[in-house]
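Trainee: Predicted model and sequence follow; I will ask about them next.
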Protein chains: 2
Amino acid sequence: LRRLRFRVAYDGTDFHGWQQQPGLATIQGALEEIISLIEGKPVHVTGSGRTDAGVHAQGQVAAVTLTNPIPPVNFRKAVNRLLPQTIRIRDVEEAPLDFHPQFQAKRKTYQYRMFRDEVCSPFVRRFVHHYPYPLNEAAMMEAAPLFEGRHDFTAFAASDESDQEKPSKVRTIYSSVLERGVDTLVYTIVGSGFLKHMVRNMVGTLVETGRGNLSMTDVRRRLEPGCGIRPGPTAPASGLVLISVEYDSPDPNSRDPAASSDSSAP
Amino acid sequence: LRRLRFRVAYDGTDFHGWQQQPGLATIQGALEEIISLIEGKPVHVTGSGRTDAGVHAQGQVAAVTLTNPIPPVNFRKAVNRLLPQTIRIRDVEEAPLDFHPQFQAKRKTYQYRMFRDEVCSPFVRRFVHHYPYPLNEAAMMEAAPLFEGRHDFTAFAASDESDQEKPSKVRTIYSSVLERGVDTLVYTIVGSGFLKHMVRNMVGTLVETGRGNLSMTDVRRRLEPGCGIRPGPTAPASGLVLISVEYDSPDPNSRDPAASSDSSAP
C-alpha cells in the first residue's frame, strides 16, 4: 500500500461541488471514477475539504491510497488523460500512509473576484461574480481586515449550521484583504480553516457594507460571541476559488504549525 | 435610418466562427437573430472580418443599420440580455450611414497564446493552445519580427486560397513580437489586414522554428514573392484572439490612415 498526495485545479462551473453524489457530476466523483480504473478496484479520494457547487480550485489538495506502483508522474498523466479538461491534477507526490488532507491542513487561502464593469468579459465570466452596481469600495476595503484574528464565526456559518453550538465555530483569520484590479475587486483571505459558506457570507457582508447597509460597527458586532445575528447574504459561488492549502513540514509551504484545521467548505 | 457601430467580445470555443451559417451557432448569426428581435424585422450585421471556428475576440467591430430609435446604451443592454454570456457587446455608438467595419478598417491586432506548462490550467484552457513540448523559444522570438514590413504573404494564406493570384496577398505588418509570460508564450501581431489563416500559419511557422525544423533563412524565404512554399502548419484556433480593430478618425484610436484593409480572417 502507498499513499499519493496531489494538487487539483478545477473549473467548478459545471460541477455539483467537490463531494461525490450518485448520479451528479462532482470533482471527487470524477477523480474516484478515473483513479478506480487505474487501480482496478474502487478507491476513495479524500480532499482538504468540500467546495460548494460552482466553486473553483487552483490548489485543492487530495490523497488516495493505492496498491498500483505507477510512478507519480505517470499517475498524473494517466489521470489527466481521462479526466475532463475542467479538472487537472497539477502534481503528485508520495505521502505517509496516514496523511490526511483534511485533518492535517493548517492553513487555507481563498480568493473571491467581483467583476465591476458594466459588461462582463466572456474571458473571465466563469470565474467571477458580475456585480456592476454602485458600491463604496473604500468602505469595503476598510471592513475586510475586521475579520482578521481569532473569532467565533457563527454569524458567517451556513444558515443551516449556524444554530448548532457544536462543533466550535471559532477560527483564526490570518489575513483578510480587499484590493482593486482594473475591472475586478479581489478579496483574499487566509485562515486556519473555514466553515461552510463562510467566505461567501463574509463577501456578502462586505457587499452590504459597500451598499451602505452595514457600518464598521455592524460588521464588528457579527464577530461577538453569541451575537445571534443571522448569517448572510451569501455571495454567489462563481467568484470563489480555493487557492492553496498548507500543511506542516515536510511541506515547505507550511508556516503556522499551531493553526487548527477543519472539514467544512466556505 | 441610422447606423450603429459596436465592439463585441466573444469566447469562440462553442461557435462555428463569425460568419452566419444556417443551423450552426455563429457569432454573426446570434447577433443578427437578437437584433432582428429588437428591430422587428431581419437585420444584417457586418463585421470587420470573419473569425474562424474556435477563434475569440476581445474587440471585434461590427455595425448594423436600424430604424428603431433605441438609445445606444439601451441597445447594448437589451442585446446583451438576450445573447449567450459567451458573446458581449462592449460599447455602442452612432456611426455614419456609410460606415463599413470591413472596408474601412485600417489596422488590426491579434494575439496568440501558447500554454507551455505540462498541465494546462482549467482557468485559461479555452483561450490557449496547450503546447507542453520542447521549443527553442529564443529562436522563435528572433524569428517573430521577420514578418514585419510589407510582404507577399501567399505562403501564409489558407491552403485553399494560396494558389489564387488575385486578390493581392500583399499586407503590411507593423509589429510582430513573441514574449514569454509565466507559463505562456504570447504572440502579438499588428497589421494592415490579414489573410484567412494568416496568423495561425505564422504561429505554426514559429513553432517549426522553435522545434528546429526551420531556420531564420527558411522563414525569410517564405516572404519572397513567388517562393512557391506551401502554407502551414496551421496552429489551432483556440489560442487566437482578435484584440482590436482600428479606423481613421473620428475614431481617436486610428494611427495609420494609409494602411489598407481586407476581408479575410487569420
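Mentor: Thanks, I have the structure now.

Trainee: what about the strands in the stretch 51-200 of chain A?
Mentor: For the stretch 51-200 of chain A, applying DSSP state E, counting those that start in this stretch gives strands covering A:56-66, A:87-95, A:105-115, A:129-130, A:149-152, A:170-180, A:184-191.

Trainee: who wins for proximity to B:L37 among those?
Mentor: strand A:129-130 (23.0 Å; Cβ to Cβ). Just so you know, the C-beta spots here come from the backbone N, C-alpha and C atoms, and that holds for glycine as well.

Trainee: Quick one: mean pLDDT over that closest one.
Mentor: Mean pLDDT, computed over strand A:129-130, is 98.

Trainee: Which among the strands of the stretch 51-200 of chain A is found nearest to chain B?
Mentor: strand A:87-95 (5.1 Å; Cβ to the nearest Cβ).

Trainee: near chain B, anything from that closest one?
Mentor: Yes - against chain B, strand A:87-95 shows contacts by Cβ under 8 Å from any Cβ of the partner chain at A:87-91.

Trainee: What's the ChimeraX line that selects buried ones from these?
Mentor: This is how ChimeraX selects the buried members of those, with burial counted by 16 or more other Cβ atoms under 10 Å in any protein chain shown:
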select /A:87,88,89,90
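
Trainee: quick one on the thing from earlier: can you put the strands of the stretch 51-200 of chain A in a markdown table and add distance to B:V245?
Mentor: Below are these laid out as a markdown table (distance: least, Cβ to Cβ, whole Å):
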| stretch | distance to B:V245 |
| --- | --- |
| strand A:56-66 | 32 |
| strand A:87-95 | 34 |
| strand A:105-115 | 24 |
| strand A:129-130 | 25 |
| strand A:149-152 | 52 |
| strand A:170-180 | 29 |
| strand A:184-191 | 25 |
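
Trainee: Show me what residue of the stretch 101-250 of chain A gets nearest to chain B.
Mentor: A:P122 (4.1 Å).

Trainee: That residue - nearest residue in space that isn't next to it in sequence?
Mentor: Of all residues not flanking A:P122 in the chain, B:D11 sits nearest, at 4.1 Å (Cβ to Cβ, 6 or more residues apart in numbering or on different chains).

Trainee: For that neighbour, grab the count of nearby residues.
Mentor: Counted with other Cβ atoms under 10 Å in any protein chain shown, residues neighbouring B:D11 total 23.

Trainee: which residues sit in contact with it?
Mentor: A:122-123, A:125, B:56, B:86-87, B:126-127 (Cβ atoms under 8 Å, 6 or more residues apart in numbering or on different chains).

Trainee: Also A:L24?
Mentor: A:H16.

Trainee: Mind pulling up the pLDDT for it?
Mentor: We have a pLDDT of 95 for A:L24.

Trainee: gap between it and chain B?
Mentor: As for A:L24, its distance to chain B is 19 Å (criterion: Cβ to the nearest Cβ, to the nearest Å).

Trainee: separation between that residue and A:W18?
Mentor: A:L24 is 11 Å from A:W18, where distance means Cβ to Cβ, to the nearest Å.

Trainee: Tell me the residues of the stretch 101-250 of chain A that contact chain B?
Mentor: Residues of the stretch 101-250 of chain A lying near chain B by Cβ under 8 Å from any Cβ: A:119-123, A:125, A:127.

Trainee: Take these and write them to CSV, including neighbour count.
Mentor: What follows is those, written out as CSV (neighbours: other Cβ atoms under 10 Å in any protein chain shown):
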residue, neighbour count
A:V119, 18
A:C120, 20
A:S121, 17
A:P122, 24
A:F123, 18
A:R125, 16
A:F127, 21
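
Trainee: For the stretch 1-150 of chain A, which segments are assigned as helices?
Mentor: Using DSSP state H, counting those that start in this stretch, the helices of the stretch 1-150 of chain A run over A:27-39, A:72-82, A:137-143.

Trainee: which strands and helices sit next to the longest one?
Mentor: If I follow you right, that is helix A:27-39. Applying 3 or more Cβ pairs under 8 Å, 6 or more residues apart in numbering or on different chains; DSSP states H and E, one finds that helix A:27-39 makes contact with strand A:2-10, strand A:45-47, strand A:56-66, helix A:72-82, strand A:87-95.

Trainee: and the helix or strand harbouring A:M202, how far out from the chain's middle?
Mentor: Assessed by DSSP states H and E, A:M202 sits inside helix A:198-210. Taking Cα atoms, centre = their mean, to the nearest Å, one finds helix A:198-210 lying 15 Å from the centre of the chain it belongs to.

Trainee: ok, then the element right after it?
Mentor: Past helix A:198-210, the next helix or strand by DSSP H and E is helix A:216-221.

Trainee: Adjacent strands (with direction) for the helix or strand following that following helix?
Mentor: Tracing the chain past helix A:216-221, the next element assigned as helix or strand by DSSP H and E is strand A:240-247. With DSSP bridges as the test, strand A:240-247 is paired with strand A:56-66 (parallel), strand A:105-115 (antiparallel).

Trainee: and strand A:240-247 with strand A:2-10, angle?
Mentor: 150 degrees (axes from the mean of the first three to the mean of the last three Cα atoms, to 10 degrees).

Trainee: Can you tell me what sits against strand A:240-247?
Mentor: Against strand A:240-247 from outside (Cβ under 8 Å, 6+ apart): A:48, A:51-52, A:55-61, A:101, A:104-113, A:127, A:188, A:199-200, A:203, A:253-256, A:266.

Trainee: Could you tell me which of these count as buried?
Mentor: Among these, those buried by neighbour count (16+ other Cβ under 10 Å) are A:48, A:51-52, A:55-61, A:101, A:104-113, A:127, A:188, A:199-200, A:203, A:254, A:266.

Trainee: quick one: contacts for A:Y187?
Mentor: Applying Cβ under 8 Å, 6+ apart to A:Y187 gives the contacts A:111-114, A:144, A:176-179, A:202-203, A:206.

Trainee: need those residues in a markdown table with pLDDT and distance to B:A158, can you?
Mentor: Converted to a markdown table, these look like this (pLDDT from 0 to 100; distance: Cβ to Cβ, whole Å):
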| residue | pLDDT | distance to B:A158 |
| --- | --- | --- |
| A:Q111 | 98 | 42 |
| A:Y112 | 98 | 44 |
| A:R113 | 98 | 39 |
| A:M114 | 98 | 42 |
| A:A144 | 98 | 52 |
| A:S176 | 98 | 53 |
| A:V177 | 98 | 50 |
| A:L178 | 98 | 48 |
| A:E179 | 98 | 45 |
| A:M202 | 97 | 52 |
| A:V203 | 98 | 48 |
| A:L206 | 98 | 51 |
